[in-house]
Structures are given as structure tokens and as C-alpha cells.
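K.L.:
Curious how this folds, go ahead:
(chains A and B)
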2 protein chains.
Amino acid sequence: MTQLELARKGIILPQMRAVAEREGVEAEFIRQGIVNGTIVISHNTTRKDVVPYGIGQGLRTKVNANIGTSSDFGDVDTELAKLQAAVESGADTVMDLSTGGDISSIRREIIARSTVPVGTVPVYQAGIETIREHGAIVEMTVDDLFSAIEEHCRDGVDFITVHCGLTRSALDCLKQQKRVADVVSRGGAFMIGWMLHNDCENPLYEYYDRLLELARDFDVTLSLGDGMRPGCIADATDRAQMEELLIAGELVERAWQAGVQVMVEGPGHVPLNQIEANVKLEKSICKGAPFYVLGPLVTDVAAGYDHITAAIGGAVAAAAGADFLCYVTPAEHLSLPDPDDVREGVIASRIAAHAGDIAKGVKGAVQWDLEMSLARKRLDWEQQEKLSLQPELSRRVHHKHDTTGEACSMCGNYCAMRLVEDYLGISAGRC
Amino acid sequence: MTQLELARKGIILPQMRAVAEREGVEAEFIRQGIVNGTIVISHNTTRKDVVPYGIGQGLRTKVNANIGTSSDFGDVDTELAKLQAAVESGADTVMDLSTGGDISSIRREIIARSTVPVGTVPVYQAGIETIREHGAIVEMTVDDLFSAIEEHCRDGVDFITVHCGLTRSALDCLKQQKRVADVVSRGGAFMIGWMLHNDCENPLYEYYDRLLELARDFDVTLSLGDGMRPGCIADATDRAQMEELLIAGELVERAWQAGVQVMVEGPGHVPLNQIEANVKLEKSICKGAPFYVLGPLVTDVAAGYDHITAAIGGAVAAAAGADFLCYVTPAEHLSLPDPDDVREGVIASRIAAHAGDIAKGVKGAVQWDLEMSLARKRLDWEQQEKLSLQPELSRRVHHKHDTTGEACSMCGNYCAMRLVEDYLGISAGRC
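P.N.:
Below is the predicted model of the structure:
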């Protein structure tokens, strides 16, 4: 039985207890969240030695780091270095999006070494192996696709992105929409190419029950991909995107009926003033299923700095209720990220997640800020470093310039907090 | 006569025309905005060869870069390098916050070399020279303070931060409030120390008319400083901060009556869910006077990454109506920034400003994103670089890895946009 089925029977599993302890909530809260579908614990039944993470309402917003080879770069060692960079800098999960090299063996290496849950997009492998063998994605059979999914499940993947809501009706909306950037989801593009050429419905929708059976067997969490996610500000929140979301709402309920945990993926490039609406819509249409957003990126023009663009959108999304942020690195739109890009991406996304947690009142979130501020007020530099997101960087920047006093080199002798304390102290003494 | 007085007479000055042209609006819109007090053009009458910028409602959100020495670092050449870094990376204004070395001569050098408007905080100089001569800020006389202000105006400073709203009533609120971080504004700390020790009202409030006369003589824009701005999340939006804002509202109207342009400064450390309220409050209390925010920083824990923290808050503030963002650099809370920190700070703040402009519908804002997205869709890398915030960085990251095809090394052969275009094209041909 899956975690969802057991939770429905009132059983609290060890991973629910572990999640509850880390989040500072009751285990019963986690069990009830899983029953309601508002919390998922992505944990393949075959996986050992993995720290389970809860994702969803009332919990700390989580951060995913995408790693993986491309057709230009297929080196597994680089990917393992990126895995290490992601986990060290605080990613809660990683996704292996490899599309180059020996895809199966890279995935297995990553799963074997990862201490955090691992997600994948099986259609990449199914599509790419078809292209390698037959020259075009359109030759992929339905069995090719499901074989890849099964292989990923057997290998121990904890959650899979499946573009099940990308139906012919969504495709009709896309055609009518006349988008600027059409489709920027790779998995979505594979499915659309296949559907258009073969003039068929999306097999992940048509045979959704087959998918649910596989997911159920391994207790793999489904992450309903958003193949229609906008790839630029001009395309945001359009009919194609919304049609796919409506279908996701139907599929979420069918997953729950089958005892399968499910999340929903969201955009993408979204102007700041549309992010809250996107989150509220998902929460309403998909009955509270965790929302997993990519960015969102609040402008198209910041190539080289898209970790910042995504941190802005991610913070606003998290504050509005998004549960899971997929990081974006400074390499986005330009090149495959390297380990340094991964680190910068994770940190930016963690800032966004934490800012969102403060705003939405996640338990314990403001306590961290309070401790930091008390250390700052005391000019306790050791404690400030310890409480920083990246203690080593914090120390390095603090010691960049020598300073003669207790304060930092910014204010030197004229530290406001010190000055006011002196005078407020004197004044209080006199009153 | 000042720009405000001339605008009231229906006169459109050359700088109003220049601002209108750059913003793509009618010159009459600028004149009317100045009359209403919703737009300022900071431009000291003695200044030549400076590009005038408009700040306020309906205009592109502007970005300020703080530079200046500290008591530990008084080197003018470093400050000139920071000025250059700020202007090159797109800062609309700079503020010289020098508190070390020969403060007057550093300011004059910066004013002489800056092609953008320059702001200062004259109380720094008044206070520090008092400390140097008499050992303590409390020995500063009212004339010392006003002499410094006059010197700054004569030197050609375009806008000055003056903590006029930091009255005894605000100080009473502070004492009752029991803040975590008390006061983090240096100018505010100077004034508070002075007021407490001398048991006097703030001279910038008591002799506000004297200040207005000076400002009027040189058409210097007042920026009403927020000495009570919160220095940590826990202190945000409290009574001390609000009391100062209420007084600022009164002072804005008195400035307008005197023919003086005025802006209002705002926080600081503010949780994401309180930023919009802070902006709306300022706009209401201060009758639409431009709002100039520092950050806001949406968490206290990200030392080393506070340009990102501030970009999140700045974007949300700009979207809600803030007109002017003061950047924060990665060195904030840790050390005096160097030229690289300045660059990173300006870029992060420009991203925030632009994201806000898209959201609040500033004229022309989305056009930039549209052009970028069209270039991206065409895989036109030259145009994408050109349209980037930092073309050189964009080029460097794009070429970090070799790629065999037209797409970037992220997707290689499996570029979604290319794939879908191929199949959508075929499909369109068939239908």
C-alpha cells in the first residue's frame, strides 16, 4: 500500500514522523495533509538512506535543483559535482534532467549518491532513445514511453514529471493563441511533436490509469508537468496554459482515487502582478494539491541573472501559497549550468522560499531572522556568520576590508545601532 | 524660481522635455506631475552637464547606488571607481554617503565627475566633523548642521536626505516599542543621540522653514529620511516607523507650499506581505509624493546575498507603486562595498525596477521583454546579447560551453522552441 492509502487508514509512517519532527509540527498534521492531498512525501518504496521531505501546505517551502547532461555535455562526473553542490548549498530535492550520454547509468549514479529525493522526466529518455534509434521523436511508441517510466520507477526515482494534462484540447488553444514563444517545455515539445505528427491524443492522458498503476506500485509521486508553461512575459496566463491546468485538476482527483500522491507544476515566465492569481488558481482548481513552480521569472531580459529574476517570482509565489520552488541558475537561457551556477541558483531560491515562509507564517520561519537580528544588534560576528545562508561567504565578505572597531567597515566608528544604544541607554538611565 | 514654481505657472522647462522624451510621455504630463508633487526632477540649479531624471508616478522606476568612504576607508579613487561602476551598470542616480577622509573634497570630486544626479546626507558631515573636533555628536550646534546643508547645496548636490520627521513624538514611540534592532539609520542615530542628550526637538523639524529656504535657493529636492526605518523583520511597520511617516506627510505639504520638490524615504527590512501596505500608506499619507525605498529586504538571514533579498522586496515595492529604489549590494551588513559589489547591486536593483514596471504597466516596459523573447524564439544570439542587461556577461555565459547546434548548451539538439516550431509548422501546413 502507498503512503496515501496507509495514511487514510490512520497509520503514521516513520517518514511522516521524521517530516513532522523536522518541521516542528505534529505527525498527525502530516498524516492528515497526505490524506487531504495538500502534503506529499516523495519517497520511492525501493529507496533507502534518503532524508524524506514533506512538500505542501503548512510546511517550509522546498527548493529543487535541476541537474543533468545535455546532448553537448554527457559527462557523469560533472553531474555528480553538481549534485554535491546542490545538496551542500541546501537543495531539498534534485531532478536529473539528463538528455545526453548514457542516460540510464547517469540516473542510477545520481540516485545512488543522492541523500535527497530525486525526480526525473522519463519522456526525455523515451524521446531521445527514439531519436537516436529512429531519427525522430514521432516514431516513439506508447510502450516505449511507458517502459521508460517503469525503468525510472524501478531505479528508485521519487517523483516524475509527466505532462498528462497536455491534451489535444490544450493544443487547440495553443494553435489559436498565436504565442510569441510557443512552447519552452522540452517534455511538452516532445509530446506535442508526437501528437501533431501521429494525430493522436497524448498517451499520458489517454492511458493515465496505466501510469497510475506504475506510480502506485513504487509509491512514486506524480508531478503533473506544464508543457504549456509560458516562455515569455507576453505569453503568461493564457488560454493554453489555463486549459492544461483545468485538465490537471481532473487528473489530481484521479490520482488521489488511485492512492497516488500528486503535485502540479506551474510557470515559468509570469509578470509580478499575475503570480498570486496563478497560485490561487492552482490551489482552487487542483483542490489544494502542492504547487511546484519554475521560477517564476518576472522579466525576460535578465539573461545571466535569472537566478535573481526567479527569486523575485519565487518569493511572491511562495508567499501566495506555492509549496515547492524549482531553482533557476544564472546560466538559464544561455548555457548548461556548472557547479557554481548550481550553488548560486540554490541559494537564490532558498532566499525566495524563506521570504515566502515569513510572509505566509510558516512555523519557525521568523525565529531564524530574529536570532540573526539579535546577533547583529550585539555585533556578534561569529553568531551572524553561523546563522548566514552561506557562513563561509559571510565571513569572507566581512573580512574583505580591515576595520578598527567592532562594527563592520561600512559604518566603521559610526555604527547606528551602537550609537543609539549608547544614547538610549543613557537616556533610559536618566528617566 | 524653482522648477515646481515654474511648472505651476504652466512653464515647461528643457529638463521636463528631456525627461518626457526619454520616458515616451508628453512634456505636459511631466509638468503636471511636478505641479501635483507626484513627479520630481532632482536638479540643482548650479549643476551643468547632467542628464536630468524624472522620478515618480507613471515613469520608469529609478535606481540609486550608494557610494562613499567610511571611517576605515577614505580613498577618493576607490569612490570614483565605484561611481563609474554605478553609472556604467545603469544607476539613475548616486548618493555620496562618505563618512571618512576629506568629506568635502570627495563630494566635490564625485559631483564634478557624475553624469547622473547626486544625493547626499549632510548630517553625516556635520556630525562627523563635530565628533572629530569635539569628541561627540551631541556638541553639534544647529548652525553646524545648517552650514553643512548649505555647503552641500552650494556644491551642487541635487537631492539631500534630511531626517525631518524624526521628532520627539517618534522617539517616544521608539522608547515604548522595545525594538529588536532599535535604529539602523546612521543619520537617524546621529539625530537621536543629539536629541536625547540635549533634550531638544529635532532642529530639522523645528527649523524646517530654514531648510526649505535653502532647498528653494538651489532647487534641491528634499528626500525625507526615515530614521526609524526597521532594521530587522521583527521591527517592521511598527508605531515608531508610522509616527515618522505621519510627520513626513505634514512636511511634504509644507515643502510644496514653499515651492520645494520632495520625496519620502521608506524601509528597510520588511516582510514580503507588508510591502504593498507600506507603499500604499506612504502614497496616501504623503499625497502621492514619490516613494524612495531602501530594498526592502525581505529577510534578515541572507548576508552576502542581500542584493537578491533587496531585489525581491524592491520588485514588489515598485509593482505596488514605489518610484525609486535604493540598491543594496552583496556587501550589505558585512563590509563597505567595492566596485564589483556596486555593479551587482545596481543590476539586481534594475531587475527589480523593471519587474515592477512590467507589473504596474509603465509605458514601454513590456516592449523590451517582447523584443528579447522574439530574438530568443529566433535563436538570434546576437540580438539576445544586445538586449541583455549586461551584454558582455550574457555573451560570456552563452559561450561557456561549446555547442554543436543553433540552440544553447542547455538543450542542445532538443530545443523545445525549435522542435515545436517544426511540428506546428508542418501541422499548420496540413490543416
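K.L.:
For the stretch 201-350 of chain A, which residues are neighbours of chain B?
P.N.:
Taking CB under 8 Å from any CB of the partner chain as the criterion, the stretch 201-350 of chain A approaches chain B at residues A:231-235, A:271-273, A:298-305, A:307-309, A:311-312, A:315-316, A:319, A:330-338, A:347-348. In this view, the C-beta of every residue, glycine as well, is placed from N, C-alpha and C.
K.L.:
redo that, cut-off 7 Å
P.N.:
A:232-234, A:271-273, A:298-305, A:308-309, A:311-312, A:315-316, A:319, A:330-331, A:333-336, A:347-348 (CB under 7 Å from any CB of the partner chain).
K.L.:
gap between the lengthiest helix in chain A and the chain center?
P.N.:
Taking DSSP state H as the criterion, chain A has its longest helix at helix A:339-360. Between the centre of helix A:339-360 and the centre of its chain there are 11 Å (CA atoms, centre = their mean, to the nearest Å).
K.L.:
cool, and stretch A:10-19?
P.N.:
Centre to centre, stretch against its chain (CA atoms, centre = their mean), the figure for stretch A:10-19 is 23 Å.
K.L.:
and the end-to-end length of it?
P.N.:
17 Å (CA to CA, to the nearest Å).
K.L.:
Pull out the buried positions in that stretch.
P.N.:
Across stretch A:10-19, burial judged by 16 or more other CB atoms under 10 Å in any protein chain shown covers A:12-13, A:15-16, A:18-19.
K.L.:
and chain B, which of those reach it?
P.N.:
Of the buried residues of stretch A:10-19, not one also sits near chain B (CB under 7 Å from any CB).
K.L.:
any chance of these in JSON lines, plus pLDDT and secondary structure?
P.N.:
Shown next, in JSON lines, are these (pLDDT from 0 to 100; DSSP: H, G, I helix; E, B strand; the rest coil):
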{"residue": "A:12", "pLDDT": "97", "secondary structure": "coil"}
{"residue": "A:13", "pLDDT": "95", "secondary structure": "coil"}
{"residue": "A:15", "pLDDT": "94", "secondary structure": "helix"}
{"residue": "A:16", "pLDDT": "96", "secondary structure": "helix"}
{"residue": "A:18", "pLDDT": "95", "secondary structure": "helix"}
{"residue": "A:19", "pLDDT": "97", "secondary structure": "helix"}
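K.L.:
Next step: the residues of the stretch 201-350 of chain A next to chain B restricted to helices.
P.N.:
Those of these lying in helices (DSSP H): A:272-273, A:308-309, A:311-312, A:315-316, A:319, A:347-348.
K.L.:
Around chain B, pick out the residues from the stretch 1-150 of chain A.
P.N.:
So the stretch 1-150 of chain A meets chain B at A:70-73, A:99-100, A:128 (CB under 7 Å from any CB).
K.L.:
hmm, which two among those are most spread apart?
P.N.:
Spatial extent of those (CB to CB) is set by the pair A:73 and A:128 at 14.0 Å.
K.L.:
so what's whichever residue of the stretch 201-350 of chain A sits closest to chain B closest to, chain neighbours aside?
P.N.:
In the stretch 201-350 of chain A, the residue that lies nearest chain B is residue A:232 (3.5 Å; CB to the nearest CB). Spatially, and ignoring its direct neighbours in sequence, residue A:232 is nearest to residue B:373 (3.5 Å; CB to CB, 6 or more residues apart in numbering or on different chains).
K.L.:
Same check on residue A:410?
P.N.:
Per CB to CB, 6+ apart, closest to residue A:410 is residue B:336, 5.0 Å.
K.L.:
contacting residues around that neighbour?
P.N.:
A:401, A:409-410, B:70, B:73 (CB atoms under 7 Å, 6 or more residues apart in numbering or on different chains).
K.L.:
What values do phi and psi take at residue A:58?
P.N.:
phi 90, psi 0 (degrees, to the nearest 10).
K.L.:
one step back: which one among the buried residues of stretch A:10-19 gets closest to chain B?
P.N.:
Among these, and counting by CB to the nearest CB, the member closest to chain B is residue A:19, at 22.5 Å.
K.L.:
The closest one and residue B:331, how far apart?
P.N.:
37 Å (CB to CB, to the nearest Å).
K.L.:
isn't there a strand covering residue A:40?
P.N.:
Yes - assignment of residue A:40 by DSSP: H, G, I helix; E, B strand; the rest coil places it within a strand.
K.L.:
pLDDT value on it, please?
P.N.:
pLDDT, residue A:40: 98.
K.L.:
Equivalent analysis for residue A:430, please.
P.N.:
pLDDT at residue A:430 comes out at 34.
K.L.:
just checking, residue A:352 touches residue A:315?
P.N.:
Yes - in this structure residue A:352 lies within contact range of residue A:315 using CB atoms under 7 Å: 4.0 Å.
K.L.:
Show me the common contact partners of those two, please.
P.N.:
residue B:312.
K.L.:
hmm, who's touching stretch A:349-369?
P.N.:
A:23-25, A:59-63, A:90, A:310-311, A:314-315, A:318-319, A:321, A:325, A:327, A:387, A:389, B:232-234, B:271-273, B:298-302, B:305, B:308-309, B:312.
K.L.:
List only buried entries from the residues you listed.
P.N.:
Members of the contacts of stretch A:349-369 classed as buried by 16+ other CB under 10 Å are A:23, A:25, A:59-63, A:90, A:310-311, A:314-315, A:318-319, A:321, A:325, A:327, A:387, A:389, B:232-234, B:271-273, B:298-302, B:305, B:308-309, B:312.
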